[in-house]
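Visitor: Build me a model:
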Amino acid sequence: MKVAELRKALDRFDDDAYVYITMEGSRSYAFIDKIDTTSKDEPILTSNEAPTFDDLEGLADACWDEHYKSLSELEKQAIREFSDIAREAERESRNT
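Guide: The predicted structure follows:
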């Protein structure tokens, strides 16, 4: 999205409204805390919030779905192991 497109998309919101950010697969959203820049001086919307475990699980699923064909075997194995452990952690949390 270009800056002009972002400005236009935000134009309908009140100036006092908060702006959040999220990624595909994330199960929550975060405040935008600052704007950083790339080495080419392009804006990066940045949050100081760390993802939750649920976010990581959702991001891993989205990564698998979108990038499966380009993942190395080691990366695929890491996501499989994370997903297995995440399911185990979810079952454990339901039993406590």
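Visitor: So what touches the helix or strand containing W64?
Guide: Secondary-structure element containing W64, defined by DSSP states H and E: helix 53-67. Where contact means Cβ atoms under 8 Å, 6 or more residues apart in numbering, the residues beyond helix 53-67 that reach it are 23-28, 51, 71, 76, 79, 82-83, 86, 89. For the C-beta atoms, the positions are set from N, CA and C on the backbone; glycine is no exception.
Visitor: got CSV for the residues you listed, with neighbour count and distance to E5 too?
Guide: Compiled in CSV, the contacts of helix 53-67 are given as follows (neighbours: other Cβ atoms under 10 Å; distance: Cβ to Cβ, whole Å):
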residue, neighbour count, distance to E5
M23, 13, 18
E24, 11, 18
G25, 17, 23
S26, 18, 22
R27, 14, 26
S28, 12, 24
P51, 17, 26
L71, 15, 31
K76, 13, 35
I79, 16, 32
F82, 16, 34
S83, 14, 35
A86, 17, 35
A89, 12, 39
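Visitor: Out of the residues you listed, which two sit at the greatest distance?
Guide: Comparing every pair within the contacts of helix 53-67 by Cβ to Cβ identifies S28 and K76 as the most remote, at 25.8 Å.
Visitor: for D14, phi and psi?
Guide: The phi/psi pair for D14 (degrees, to the nearest 10) reads phi -60, psi 150.
Visitor: circling back: can you tell me the average pLDDT over the helix holding W64?
Guide: Per-region confidence: helix 53-67 scores 94 on mean pLDDT.
Visitor: any idea what the spatially most central residue of the chain is structurally, helix, strand or coil?
Guide: Residue closest to the average C-alpha location in the chain (Cα atoms, centre = their mean): M23, at 3.3 Å. When the structure is reduced to helix, strand and coil (DSSP: H, G, I helix; E, B strand; the rest coil), M23 reads as coil.
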